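Visitor: Need a 3D model of the following:
(chains A and B)
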Amino acid sequence: MDFMTLLQVLDSTVRLATPLLLACLAGLYSERAGIFDIGLEGKMLAAAFFSAAVAYMSGSVWLGLLAGIGASVVLSILHGLASITFRGNQLISGVAINFLAAGMTVLVAQSWFAQGGRTPSLTGAARFDPITLPLAETLQNVPILGPIYHELISGHSILVYLAFLMVPGTWWLLYRTRFGLRLRAVGENPAAVDTAGVSVVALRYAAVLICGVLCGIAGAYLATALQAGFVKDMTAGRGFIALAALIFAKWRPWYALSACLLFGLLQAVALRYQNIDLGSFVIPVQVMDALPYILTVVILAGFVGRAIPPRAGGEPYVKER
Amino acid sequence: MNKMPQWADVVLIPLISLLLAAILSALVILAIGENPWAAFKLMVDGALMRSAGWGYTLYYATNFMFTGLAVAVAFHARIFNIGGEGQAMFAGLGVAYVCLFIPWPHWSLALIGASVGAAVFGALWALIPAYLQAKRGSHIVITTIMFNFIAAALLNYMLVNVLRPPRSMDPATATFPEATHLPSFRDMFSTADNIMFRGAPANVTFFIALAACVLVWYLIWRTRLGYEIRAFGFSESGAKYAGISPVRITIIAMLISGALAGLMSVNTTMGESERLVLNSTEGAGFIGIAVALMGRNHPFGVFLAAILFGFLYQGGAELALWTNIPRELIVVIQALVILFTGALDNMVRMPLEKLFLSMRKGDA
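Guide: Modelled structure (predicted):
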């Protein structure tokens, strides 16, 4: 494998890791506040469709992004209603949201565009274009560093840079602000937060809404930047890989970045090489597909570093018994 | 003291939830510019008015009974087995091995063999998440989701690289030998001059599903193990105090659940396609969640809910055939049922409880 191939694989790693990272951080906010969310997949899917549909009809990708975020936030509010207000089962609510999105997107797509559950291809201003960072062209002939800057760091859409900036942003918000402290506390011991006179319900809704916004950006990235338009089931399990990455990262932002990059790398390699020939034996492509899930199970099993979820996760908070 | 009479809990709440789901579905159909009443009539026509329609409805219902029971048994132990899909997929491999590599003299023996194969493979796929939950405390919902994806990748590998007959482009096994052909409803119920269930895939496996409903009822409410499972589900600490081992119950409940989910692949793989294909489960493992919630985890409720979902599935196929409403409508209805009977249960329950309490006060 020569240097340019390596750079191309890493470049596609960054592209594929971006939606995972956004969804993973989305899940991080929600789960750190004690609301399990297995509906990341559904929210991304809904956002992917509505962003592509609105971007196509209006010709503006920014309106599309807003629509995607809106759709995802609506589902988030539904999840909040079910799991915070009505104290229902958060996991079942997540399952319902995944199916709701899977069905509704195709239904609405068929009704609006009649193209078998997809949107027409997006072109021009209806897509997020790659951004060329300053001096990328002039520096590209500098050995080693030039191509790295030109191929790997420059030339992504703005959402990629946003996603990577979200990592320190999330770290700062969670560990350096009052809101972050309360958010983490409400996921560990909501009764203590309540005793301190801070509203558990409001904090949890805030977390769920942030989760919705981030999932919305992730979905919009899929349909308007990574690909040009929506196709049925286009999230293809990314929401669950993000969930796996979240566990892999032990619910911490910087670890989330490395977990998402790792899983992105696996996807990039699987995409480029199908079966990997190691001379004596061949790694089939299905192993690469399954590896994120297998790694997560291993981590969950606690054989390699234990992943302990927020203590109050999944349990509705009842003020008085 | 109960806040509500039992009939309200068992019958009224599911019915109201179903009604809410139906109203929302009708609104969705209206919104995409179709007539909900005409759509409903078309569904009834296609699924219930001809014997062939029933043949499809009951075929789907067979799958949903198995997966619904699987989710229900786990729910009794307060375990959420979301991995029925993966367990059924893996069990498909069991069915394929049994049917392809053992020379069966008669279909009845083959059916027993395939059922055992499916149950064992399904249970095996549930064993690792169960063990990890019981011994290592890893959340079973997450591990079973992961195992769904691992099963899909494994099945893909097995079908593409191992079990695919030479020179075939299809990722599927060879067709099973003639001796393993299960009698379909058409073979069983047609007379010489009156052919019933023409072309429909419902087959003898339906009766195994019925037997499974009865057996699960017996297990949960009439055996010591069932009592232990329910006790564990009510209160883990209480069960522990009574000398019930949480590890044992978690693993056994999941093994039974996985075996039940696995049995559905006898219906799809041996009964219908007669070879193992890539997507034989078609999401039935997930529909089991809706069926179990709708049926209040009782085998009879599961039976009724499975028939209802069988009807929706077949009716949905008819809609996709004759109107502009895609099959995904069923996914939406399924989502709404899960939402209302599962997650938003309290939204329906709280006002009803208030209503019954005030009525009782009025009486006193």
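
Visitor: What are the buried residues along the helix or strand where B:Gly117 lies?
Guide: If you go by DSSP states H and E, B:Gly117 is part of helix B:107-131. Judged by neighbour count using 16 or more other Cβ atoms under 10 Å in any protein chain shown, the buried positions of helix B:107-131 are B:107, B:110-111, B:113-126, B:128-131. C-beta: built from backbone N, CA, C; applies to glycine.

Visitor: With stretch A:201-212 instead?
Guide: Within stretch A:201-212, the residues that count as buried by 16+ other Cβ under 10 Å are A:Leu203, A:Arg204, A:Tyr205, A:Ala206, A:Ala207, A:Val208, A:Leu209, A:Ile210, A:Cys211, A:Gly212.

Visitor: Which residues does that stretch contact?
Guide: The contact list for stretch A:201-212 (Cβ atoms under 8 Å, 6 or more residues apart in numbering or on different chains) reads A:26-27, A:29-30, A:32-35, A:37, A:40, A:43, A:69, A:72-77, A:79-80, A:84-85, A:179, A:182-183, A:186, A:193, A:317.

Visitor: Show me the residues you listed that map onto helices.
Guide: Counting by DSSP state H, the part of those found in helices is A:26-27, A:29-30, A:32, A:40, A:43, A:69, A:72-77, A:79-80, A:179, A:182-183, A:186, A:193.

Visitor: Turn the buried ones among the residues you listed into a named ChimeraX selection, would you?
Guide: To isolate the buried members of the ones in helices among the contacts of stretch A:201-212 in ChimeraX, using 16+ other Cβ under 10 Å:
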select /A:26,27,29,30,32,40,43,69,72,73,75,76,77,79,80,182,183,186,193
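
Visitor: So what's the gap between the helix or strand that contains B:Lys41 and the chain middle?
Guide: Here B:Lys41 sits within helix B:36-48, counting by DSSP H and E. Helix B:36-48 sits 23 Å away from the centroid of its parent chain (Cα atoms, centre = their mean, to the nearest Å).

Visitor: So which bits of that helix are buried?
Guide: For helix B:36-48, a neighbour-count test (16+ other Cβ under 10 Å) marks B:Pro36, B:Ala39, B:Phe40, B:Leu42, B:Met43, B:Gly46, B:Ala47 as buried.

Visitor: quick one, strands of the stretch 251-364 of chain B?
Guide: For the stretch 251-364 of chain B, strands defined by DSSP state E, counting those that start in this stretch do not occur.

Visitor: Low-confidence regions, it specifically.
Guide: Across the stretch 251-364 of chain B, the ranges flagged by pLDDT under 70 are B:363-364.

Visitor: before we move on, the earlier item: quick one: the helix or strand following the helix holding B:Lys41 near chain A?
Guide: Later in the chain than helix B:36-48, the nearest helix or strand by DSSP H and E is helix B:51-76. No. Against chain A, helix B:51-76 shows no contacts by Cβ under 8 Å from any Cβ of the partner chain, the least distance being 10.3 Å.

Visitor: average model confidence for helix B:51-76?
Guide: Across helix B:51-76, pLDDT averages out at 93.

Visitor: Counting neighbours, show which residues of it come out buried.
Guide: Across helix B:51-76, burial judged by 16+ other Cβ under 10 Å covers B:51-76.

Visitor: how big is the angle separating it from helix B:36-48?
Guide: 90 degrees (axes from the mean of the first three to the mean of the last three Cα atoms, to 10 degrees).

Visitor: any idea which helix or strand comes after helix B:51-76?
Guide: Per DSSP H and E, the first helix or strand lying C-terminal to helix B:51-76 is helix B:84-101.

Visitor: Which strands or helices does that next one pack on?
Guide: Judged by 3 or more Cβ pairs under 8 Å, 6 or more residues apart in numbering or on different chains; DSSP states H and E, helix B:84-101 is in contact with helix B:51-76, helix B:107-131, helix B:140-157, helix B:246-265, helix B:284-294.

Visitor: which residues of the stretch 151-300 of chain A fall in helices?
Guide: All helices of the stretch 151-300 of chain A, identified by DSSP state H, counting those that start in this stretch, fall at A:158-176, A:178-188, A:190-195, A:200-221, A:238-248, A:253-273, A:285-301.

Visitor: Just name the most buried of these.
Guide: helix A:238-248 (a mean of 28; mean count of other Cβ atoms under 10 Å in any protein chain shown).

Visitor: Please list the outside residues in contact with that one.
Guide: Identification of contacts with helix A:238-248 by Cβ under 8 Å, 6+ apart yields A:19-21, A:23-24, A:26-28, A:31, A:37-45, A:98, A:215, A:218, A:222, A:255-256, A:259-260, A:262-263, A:292-293, A:295-296, A:299-300, A:307, A:309, B:142, B:145-146, B:149.

Visitor: quick revisit: let me know the closest of the buried residues of stretch A:201-212 to A:Asp277.
Guide: Closest to A:Asp277 out of those is A:Cys211 (41.4 Å), distances taken as Cβ to Cβ.

Visitor: just to revisit the earlier point, mean pLDDT for the helices of the stretch 151-300 of chain A - can I get that in CSV?
Guide: What follows is the helices of the stretch 151-300 of chain A, written out as CSV (pLDDT from 0 to 100):
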stretch, mean pLDDT
helix A:158-176, 94
helix A:178-188, 93
helix A:190-195, 90
helix A:200-221, 95
helix A:238-248, 88
helix A:253-273, 88
helix A:285-301, 83
